[in-house]
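Engineer: Structure of the sequence below:
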Amino acid sequence: MRKRRTKIIATLGPATDDIQVLKELILAGADLLRVNFSHGDFAHHQKRVQQIRACAEELQREVAIIGDLQGPKIRIANFKNGKITLNNGDTFTLDAELADNNGDQTQVGIDYKQLPQDVKPNDILLLNDGLIELEVTDVVKQKIHCRVRSGGELSNHKGINRLGGGLSAKALTEKDLEDIRYAVQLGVDYLAVSFPRNAEDIHEARRLVQAAGGNMNIIAKIERTEAVAAIDDIIKASDAVMVARGDLGVEIGFAQVTGVQKHIIQRARSLDKAVITATQMMESMIHNAIPTRAEVSDVANAVLDGTDAVMLSAETAVGEHPAKVVASMADICLGAEKNSITQISNHRIEVTFRSVDEAIAMATMYTANHLNTVKAIISLTESGATPLWMSRIRSGIPIYALSRNVATLRKMLLFRGVYPVPFDPTLIDRREVNQLAIDKIKALGFVTKDDLVIITKGNSMGEMGGTNAMKIVRVE
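Structural biologist: Numbers count the residues shown, from 1 in each chain. Below is the predicted model:
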């Protein structure tokens with residue numbers, strides 16, 4: 001059976017708190033599960049992480065966990081009556097000094113008190129994911145006076161974005177600093193940083209993780225205009241990037257999102273980092289049992305562009321069909337991966353390799369793609385670096401990454417076309433490693449007698465960065 005190369009991330013929420021639903025989600029094809037720190041407390045997140053680990057062990061499946069930081073949520077405060085309706089042409093004020101629950105038809109408070117210093121007349125402020133559009137007419141001390149350009153219903157705690165970006169809010173809030181410590185205690189595999197402006201925000205997050213005694217991988221969520229401008233530096237600072245199309249679309253304009261998405265995927269792959277495409281991919285399936293044709297095309301195009309993973313948010317967190325939406329997304333990915341464009345690559349053809357293990361990875365993929373009889377690649381790895389390099393090359397050949405390190409196995413769950421397998425070569429006579437590695441893959445049903453496979457490994461088992469050998473072997 002053909003294996004799906006593109007990975008699926010599912011977000012946990014009330015809809016998945018039932019242990020049976022969580023099992024169904026994993027069995028349907030969720031490779032990574034996202035715990036959203038924007039909702040709930042430490043005890044709540046701890047329970048979910050424990051459930052994930054228990055389900056994965058029972059199902060004998062490796063599942064990676066992403067802890068997603070809330071970041072600087074710039075929101076309005078509350079209305080006296082819960083909500084209002086704004087009409088085009090109305091005047092409306094965002095008042096940083098207004099009491100939290102005193103919003104009415106003419107004004108509302110804001111939680112980000114610096115906002116009046118960040119905006120000026122003629123700026124466009126977008127509320128509720130861009131559904132409400134306000135033009136700034138004047139800023140007087142802590143009051144931002146606006147005219148409604150596009151009205152509608154506005155309720156408590158809706159988000160605020162500035163068209164074109166430029167808000168000075170730091171990426172990491174006091175809540176995020178506390179949640180980073182929680183994430184280390186929980187043992188998550190990836191930490192997603194929301195609203196980074198530049199590479200330094202990612203470096204700061206990594207320093208805070210290390211100071212808390214952690215070493216998890218960092219995902220940069222690209223949500224700000226400034227982040228798009230600094231994309232190469234942010235990618236280099238991160239272990240993976242996420243095209244978070246919600247807030248990003250509001251800031252740069254929805255018409256620009258598709259082009260920016262393609263650019264970010266291309267840059268991430270070129271810089272040898274993993275990339276995730278997220279937000280409203282299967283939104284209609286929150287309630288519906290099947291996706292729209294537009295959603296099918298959206299997911300498929302991300303796959304054709306080379307994304308490592310596609311992500312579900314509300315579809316699984318609060319949706320009516322969590323497992324079904326994962327299964328539907330898996331089918332779409334498999335369908336898109338039949339296209340020959342997903343198996344042809346010119347990546348790094350004219351680039352000088354930086355290390356021996358990178359050279360081995362590139363030579364392996366070139367050989368595999370040009371020797372049509374190769375059925376699988378088996379990569380013995382400590383850190384996961386060699387399989388990551390391999391996964392940057394478009395190919396239809398599965399990469400089985402064998403490692404003794406649980407953290408490495410979970411990290412590699414994000415890599416496109418890479419299938420982690422537990423295997424400890426340090427416990428084996430080095431003369432038998434190749435055969436026992438093949439036996440392991442054969443026992444799992446991934447290869448059969450007379451299949452041609454390529455094995456990569458290092459002379460010194462158990463050392464990171466030591467891959468220096470490639471061998472073509474016939475399965476006995």
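
Engineer: Who are the contact partners of the closest residue to L413 other than its chain neighbours?
Structural biologist: Leaving aside its chain neighbours, L413 sits nearest to A64 (4.3 Å; criterion: Cβ to Cβ, 6 or more residues apart in numbering). No exception for glycine: its C-beta is placed from N, CA and C like everyone else's. Taking Cβ atoms under 8 Å, 6 or more residues apart in numbering as the contact definition, A64 lies against D31, L32, L33, D189, Y190, R410, K411, L413, L414.

Engineer: Excluding residues flanking it in the chain, which one is nearest the last one?
Structural biologist: Same thing as L414. Among residues not flanking L414 along the chain, A274 sits closest, at 4.9 Å (Cβ to Cβ, 6+ apart).

Engineer: how deep is G259 tucked in, by neighbour count?
Structural biologist: Per other Cβ atoms under 10 Å, the neighbour tally for G259 reads 10.

Engineer: Please confirm that it is located within a helix.
Structural biologist: Yes. Assigned with DSSP: H, G, I helix; E, B strand; the rest coil, G259 falls within a helix.

Engineer: quick one: contacts for it?
Structural biologist: With contact set as Cβ under 8 Å, 6+ apart, G259 has no partners.

Engineer: for the contacts of A64, which one is nearest V243?
Structural biologist: Nearest to V243 among the contacts of A64, counting by Cβ to Cβ, is L414 at 14.1 Å.

Engineer: so what pLDDT did that closest one get?
Structural biologist: Looking at L414, its pLDDT stands at 98.

Engineer: what's the neighbour count on it?
Structural biologist: Neighbourhood size, L414 [other Cβ under 10 Å]: 27.

Engineer: what helix or strand does G40 sit in?
Structural biologist: G40 belongs to no helix or strand when elements are defined using DSSP states H and E.

Engineer: Show me what V275 is bridged to.
Structural biologist: Applying DSSP bridges to V275 gives these bridge partners: V241.

Engineer: Tell me who's in contact with it.
Structural biologist: Counted by Cβ under 8 Å, 6+ apart, V275 has contacts A240, V241, M242, V243, I264, I265, A268, R269, G306, T307, D308, A309.

Engineer: so of those, which ones are in strands?
Structural biologist: When DSSP state E is applied, the contacts of V275 are split such that A240, V241, M242, V243, A309 fall in strands.

Engineer: Closest one of those to G130?
Structural biologist: Distance to G130, by Cβ to Cβ, is smallest for V243 among the ones in strands among the contacts of V275, at 16.9 Å.

Engineer: need the contact list for that closest one.
Structural biologist: I222, V260, Q261, I264, I265, V275, I276, T277, A278, T307.

Engineer: repeat for K442
Structural biologist: K442 neighbours (Cβ under 8 Å, 6+ apart): T448, V475.

Engineer: tell me the secondary structure for it?
Structural biologist: K442 ends up helix, using three-state DSSP.
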